[in-house]
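> What shape does this take:
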Amino acid sequence: MFPMTDATELPFRLKSARGGHIWDDDGNKYIDLTSGWNVVNAGWNCAEIRDEWSRCLSTMTFRPSWCTDDYFERLKDMFGAFVPGYVVIPGCSGGDGIDNALKVARLVTGRPGVISFAASYHGSNTGAALAGGIAASHLDPLDLERHRVLMPAPGSSRLTDIEDLIRKAEDAGAIVFETVLTNGGCYVVPAEFLSLISRLAEELGILLICDEVGTGINRTGSLLSCQRRAIKPDIVVCGKALTNGLYPLSLCLVSADLTRFLEPEAFASTFAGAPAGSAAALATLRYHTDRELGALAKQAAAELEKRLLDNISGLGFATGLHGEGLELALHLNWAHGRDAGITPSHLLRRLRKRGLFATLSPGDCHLMLTPPLNSELANLLTAADLIAEVIAV
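Numbers count the residues shown, from 1 in each chain. Okay, the predicted model is just below:
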């Protein structure tokens, strides 16, 4: 996704990128704190992944959607080992994956309604937008409210109130959730909330769809963030970092016991699961496994969080730090910032002048801190110090 912030400025022009750094047209070098919004988890322009992928491309890049190929079959086998008990439906984007998940939910339950949560974002496709909770003008014509039941953000209301709302959503066939609200400021969803929706979904015959497009592929310390939580989704959607930016690919992982309701082949589309995408995912996942990027992310996050919390103590512009692994967000007090003459655009420009490439969450409430997982720790700690200097106003 493109971060929907109010920071009005010309698009930033990238010239090149490598590892944990990017360069602009003028040759300025920046420490990257975005991973391109959680895409290049294994670092920008990773030579090992790119070279392995390039070797695969010499045999075949495309195949008809009614066929299969060795790369896609190997990718299915790999995910079967990582996440047992699920069937793979490929797509070309995270939004595709959410759309496919909602189609499955309608086929299984016979109910079209979708329970979504404020501060969540799942893509701009029609179905994915139905599952989201962030306002955007281009979604207004879609008349989403007809089949969407929008709930308060997890942790913002009493569980009893949320339970009442879910029980009243009689046509709901799906609950779409995240374990960390990426676009909502990286709030970690409370265990009690996950327990509630798990219990109600089983009781009411609603399917649980976990969106791992932003949190997956070791961003929070494990391949999928839901693997670290006490919940077992019926459907899991991953994308973005799955191919480290080499080729558009998403996967909708459907619990195997639901396949009696559908034919996965019926979800085929022209480029979904093409050899080029599957080969990119295989190379990416091998790199993550060989380099143990999940463990690396947890180790780096512990050091980075400690430095950030020490640095922002007593600062009026920063009100807290939330997240898990290297899925972090610094919460900003804009009343304080604007009193000091700082706007969102000014903040991003000041950070770039200090050699940091960063972005804000939708609504500009949070400074996102989602660097490549293999960024050098020294660079991340330097970034934490420079952020503190910029917001010490």
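> Run a quick neighbour tally on the residue nearest to Arg307 when sequence neighbours are not counted.
Setting aside the residues directly before and after it, Arg307 is nearest to Ala384 in space (Cβ to Cβ, 6 or more residues apart in numbering), at 4.2 Å. No exception for glycine: its C-beta is placed from N, CA and C like everyone else's. By other Cβ atoms under 10 Å, 23 other residues sit near Ala384.
> secondary structure element for Ala384?
When elements are assigned from DSSP states H and E, Ala384 belongs to helix 377-391.
> quick one: buried residues of that helix?
For helix 377-391, the neighbour count (16 or more other Cβ atoms under 10 Å) marks 379-384, 386-388, 390-391 as buried.
> Could you dump the residues you listed into TSV and include distance to Ser93 and pLDDT?
Converted to TSV, those look like this (distance: Cβ to Cβ, whole Å; pLDDT from 0 to 100):
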residue	distance to Ser93	pLDDT
Asn379	30	98
Leu380	29	98
Leu381	34	98
Thr382	34	98
Ala383	29	98
Ala384	32	98
Leu386	33	98
Ile387	31	98
Ala388	36	97
Val390	34	96
Ile391	34	96
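> just curious, which of those is nearest to Cys252?
Sorting the buried residues of helix 377-391 by distance to Cys252 puts Leu380 at the head of the list, at 32.8 Å, by Cβ to Cβ.
> The closest one and Leu326: what is the separation?
Distance of Leu380 to Leu326, computed by Cβ to Cβ, to the nearest Å: 9 Å.
> Now do the shared contacts for the two.
Listed as contacting both Leu380 and Leu326 by Cβ atoms under 8 Å, 6 or more residues apart in numbering are 300, 304, 371.
> and the first one, what helix or strand is that in?
Ala300 belongs to helix 293-312 when assigned by DSSP H and E.
> Now whichever helix or strand comes after that helix - C-alpha only, PDB.
Using DSSP H and E, the helix or strand that follows helix 293-312 in sequence is strand 318-324. C-alpha atoms of strand 318-324 as PDB (Å, rounded to 0.1, in the frame of the first residue of the first chain):
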ATOM      1  CA  ALA A 318       6.600  11.400  21.700                       C
ATOM      2  CA  THR A 319       3.900   9.700  23.700                       C
ATOM      3  CA  GLY A 320       4.900   6.000  23.500                       C
ATOM      4  CA  LEU A 321       6.200   3.100  21.500                       C
ATOM      5  CA  HIS A 322       4.200   0.100  20.400                       C
ATOM      6  CA  GLY A 323       4.700  -3.000  18.300                       C
ATOM      7  CA  GLU A 324       6.300  -6.400  18.200                       C
END
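> tell me which residues of the helix or strand just after strand 318-324 are tucked away?
Toward the C-terminus, strand 318-324 is succeeded by strand 327-332 as the next helix or strand (DSSP H and E). By neighbour count, with 16+ other Cβ under 10 Å as the criterion, the buried positions of strand 327-332 are 327-332.
> Roughly how far does the residue nearest to Arg307 sit from Ser361?
To Ser361, Ala384 is 18 Å away according to Cβ to Cβ.
> Skipping its backbone neighbours, what lies nearest Ala274 in space?
For Ala274, ignoring the flanking residues on the chain, the nearest one in space by Cβ to Cβ, 6+ apart is Phe62 at 5.2 Å.
> can you check Phe72 too?
Nearest in space to Phe72, with sequence neighbours left out and distances taken as Cβ to Cβ, 6+ apart, is Ser278 at 4.4 Å.
> One more: Phe193?
Nearest-residue entry for Phe193: Pro154, 4.4 Å, with adjacent residues in sequence omitted and distances by Cβ to Cβ, 6+ apart.
> Tell me which residue is most central in this protein.
The residue at the geometric middle of the chain, judged as the C-alpha nearest the mean C-alpha position with Cα atoms, centre = their mean, is Gly214 (0.9 Å).
> Would you agree Leu253 falls within a helix?
No - under the criterion used here (DSSP: H, G, I helix; E, B strand; the rest coil), Leu253 is strand, not part of a helix.
> Can you name the residues bridging to it?
Bridge pairing for Leu253 (DSSP bridges) gives the partners Val88, Val236.
> Touching stretch 375-388 from outside, list them.
With contact meaning Cβ under 8 Å, 6+ apart, stretch 375-388 is reached by 19-21, 31-33, 43, 300, 303-304, 307-308, 311-312, 315, 330, 351, 354-356, 367, 371.
> From those residues, list just the buried residues.
Among these, those scoring as buried are 19-21, 31-33, 43, 300, 304, 307-308, 311-312, 330, 351, 354, 356, 367, 371 (criterion: 16+ other Cβ under 10 Å).
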